[in-house]
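J.: A predicted structure for the sequence below; I have some questions about it.
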Number of protein chains: 2
Amino acid sequence: MVKALEGLSDTDGFALLDLQDAKVLRENGWQGPILILEGLFTQDDVFEALELRCDCVVHELNQVDWLESAMDARQVPQSAHAASMRVFLKMNTGMNRLGLKPDIYREAFHRLHSIGFNVAHMTHFANADYVDRTPTVDQQLELFQATIKGLPGETSLSNSASILWHHNNVQCDWVRPGIMLYGASPSGKYEDIEHAQLQAAISLRTKIIGIQHLEAGDSIGYGSRYRTDVPIRIAVIACGYADGYPRHAPDGTPVWIAGKGGLADGKICPMAGQVSMDMITVDVTDMPSADIGTEVELWGQHLPVDRVAQASGTIGYELLCAIAPRVKRI
Amino acid sequence: MVKALEGLSDTDGFALLDLQDAKVLRENGWQGPILILEGLFTQDDVFEALELRCDCVVHELNQVDWLESAMDARQVPQSAHAASMRVFLKMNTGMNRLGLKPDIYREAFHRLHSIGFNVAHMTHFANADYVDRTPTVDQQLELFQATIKGLPGETSLSNSASILWHHNNVQCDWVRPGIMLYGASPSGKYEDIEHAQLQAAISLRTKIIGIQHLEAGDSIGYGSRYRTDVPIRIAVIACGYADGYPRHAPDGTPVWIAGKGGLADGKICPMAGQVSMDMITVDVTDMPSADIGTEVELWGQHLPVDRVAQASGTIGYELLCAIAPRVKRI
């Protein structure tokens, strides 16, 4: 959190899940807005959120009740406290995950507004990274705008996909970039962001710890999934699914192996064999300099995380989230 | 580590990856054997391993060199120190991941043995959880036994799959149970261990944080992957891929929802819609009591982790390893 604060210190605000993380930001000097993105989980959280000067998403009626009761219960001047908290009232416009349906949205808005909260309007797009699925961004946007018509308040709409691919039609006061901050694609396809001038913010690196020379007919690893018809040279690399590397990565998943001149002189070599708990195996026949101790980039500066995610049937976000505590952060 | 030590205090020994973890075990009073399972990564590790009284796997010739040099370099009586460390010399009998090939195995054995190390013989099975893949357990075992013929030393062979399904033919001094300690199946199929009297050692639990009522034609979540033909009731559950839940879990993946009498009174409800970063969505139409605050077990005592893994195309081990630091341990 401290490193993220340093790196993103000129943001207009942070959005988080946990009040504990908000506390860390405050303790490290962050004075700007902090939004609790999934809202509060209990009534007691209201007081902690107020003390930490956090803004809150409200996505269900219980949370409206809590805010009302909390304002009743406090002995301090209500208006001052309510006004100091921005409430992002979340509308379910078709994502059907969190949020109030349009038919009860305006009533919730008026309840919060009348207490004195600074209420902003929020929704979330289900298909901003698809061109062929409904509800479309435009359909959700239309429902959103029709529902808030005439109400005061700022708006928060776009996630990374909408920022990248719908910025012409989706206008709002706040945006919520997530995955794009890491230089990865919301769609999971690197091609989709290749020209967006995003850079990899995380590189996952390790080293070769073993070399095996295989003969024609030999196989590798659990289930003997990869079998070779010709002699090949296999590098055993110290990173496995217990480090967060995706176990379902198939043979051929790209791995960046350093060359004689280091990582910048490297190239892609194909995974060969099932990912193990603590190791992966890669065919380095085409990189003769690869040996024990050679540096490896699993994703990052030289190899977009999206390439690995795409090979593994997921998106970069899952891989970036999955990096295990035992991996040393530098 | 401290909890694992408490729970497994009557084991014959621990096997670990990191010397740091070995240090934690020693600091907490563990006096028995500790095996560094991937061996040492640098020559300096030799001295730390000796100080911590760790045993080491040796899987490549560099590691033999390091042990030789370390014994030369030390001013203390060599024999005492070498004899205090058990070296598990790893043979590659067809897994083709780590280990010395049989043609160089005996020479490495004699080098280590002559320094005074207590050398044990080790290999690892590639297909102990398959019946139709080569090399088979028997083929690997035959090569192993032929190679060590006439050499002194204990043996370490079986992983969980071999302990469960090959205990009649694989005899050895040490076994290396991993996944079975957690009550999960090496094959990823719960049916394979259903009668083995293993119990789930970990339960992953959370709560419902939202309810959505869907009409016919409505869809849920990113990509609108799940679409309903009839009115249904959806629970939004606070756990997503950033907590370690597998993002590739498809619609229908089982989730255990508590009933009126709590978790013991619960039942399986099907996932509906793409796993999000911090949430999943489940069809709770058949569990009318499910509401905000209702307890949910994602896997564990009531729902084998293998069921979730199988639905998601992986094995329980990946899911158990993937639980994120932000998930509270109890």
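T.: Perfect, thanks for sending it. If you're wondering where the values come from, they're calculated on a predicted model, not measured in any experiment.
J.: secondary structure element holding the closest residue to residue A:297 other than its chain neighbours?
T.: Excluding its sequence neighbours, the residue lying closest to residue A:297 (C-beta to C-beta, 6 or more residues apart in numbering or on different chains) is residue A:256, at 4.0 Å. In short, each C-beta sits where N, CA and C put it, glycine included. Assigning secondary structure by DSSP states H and E places residue A:256 in strand A:254-259.
J.: same check, this time on residue A:208
T.: strand A:204-214.
J.: show me the contacts for residue A:94.
T.: Counting by C-beta atoms under 8 Å, 6 or more residues apart in numbering or on different chains, residue A:94 touches A:126, A:134, A:135, A:139, A:140, A:143, B:218, B:219, B:224.
J.: roughly how far apart are the residue lying closest to it once chain neighbours are set aside and residue A:247?
T.: Leaving out its chain neighbours, the residue that sits closest to residue A:94 by C-beta to C-beta, 6+ apart is residue A:135, at 3.6 Å. For residue A:135, the distance to residue A:247 equals 34 Å [C-beta to C-beta, to the nearest Å].
J.: so between those two, which is more surrounded?
T.: Neighbour count, other C-beta atoms under 10 Å in any protein chain shown: between residue A:135 and residue A:247, residue A:247 has more, with 23 against 20.
J.: wait, a helix at that one?
T.: No - assessed with DSSP: H, G, I helix; E, B strand; the rest coil, residue A:247 is coil; it does not lie in a helix.
J.: quick one: it from residue A:313, how far?
T.: In this view, residue A:247 and residue A:313 are 11 Å apart by C-beta to C-beta.
J.: ok, now residue A:44?
T.: Residue A:44 is 41 Å from residue A:313, by C-beta to C-beta.
J.: ok, now residue A:210?
T.: 28 Å.
J.: repeat that for residue A:122.
T.: Residue A:122 is 31 Å from residue A:313, by C-beta to C-beta.
J.: looking at those two, which is more packed in?
T.: residue A:122 (26 against 15).
J.: hang on, that one in a helix?
T.: No - counting by three-state DSSP, residue A:122 is not part of a helix but strand.
J.: quick check, it in contact with residue A:155.
T.: Yes - the criterion here is C-beta atoms under 8 Å, and residue A:122 meets it with residue A:155 at 7.3 Å.
J.: and for the residue of the stretch 1-150 of chain A found nearest chain B, nearest residue in space, chain neighbours not counted?
T.: Residue nearest to chain B within the stretch 1-150 of chain A (C-beta to the nearest C-beta): residue A:96, separated by 4.4 Å. Nearest non-adjacent residue to residue A:96, counting by C-beta to C-beta, 6+ apart: residue B:220, 4.4 Å away.
J.: please save the CA atoms from the helix or strand harbouring residue A:321 in PDB.
T.: Following DSSP H and E, one finds residue A:321 within helix A:316-322. Output in PDB follows, covering the C-alpha atoms of helix A:316-322 (Å, rounded to 0.1, in the frame of the first residue of the first chain):
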ATOM      1  CA  GLY A 316      -3.900 -10.600 -16.600                       C
ATOM      2  CA  TYR A 317      -5.800  -9.400 -13.500                       C
ATOM      3  CA  GLU A 318      -6.100 -12.900 -12.100                       C
ATOM      4  CA  LEU A 319      -2.400 -13.500 -12.600                       C
ATOM      5  CA  LEU A 320      -1.400 -10.200 -11.000                       C
ATOM      6  CA  CYS A 321      -3.700 -10.900  -8.000                       C
ATOM      7  CA  ALA A 322      -2.400 -14.400  -7.600                       C
END
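J.: so which bits of the stretch 1-150 of chain A are right by chain B?
T.: The stretch 1-150 of chain A comes close to chain B at residues A:17-18, A:37-38, A:41, A:59-60, A:62, A:92, A:94-98, A:126-127, A:129-130, A:133-135, as judged by C-beta under 8 Å from any C-beta of the partner chain.
J.: try it again at 10 Å.
T.: A:17-18, A:20-21, A:37-39, A:41-42, A:59-63, A:90, A:92, A:94-101, A:124-130, A:133-136 (C-beta under 10 Å from any C-beta of the partner chain).
J.: burial check on residue A:323, number of neighbours?
T.: 16.
J.: I meant residue A:202, not that one.
T.: Residue A:202: 16 neighbours (other C-beta under 10 Å).
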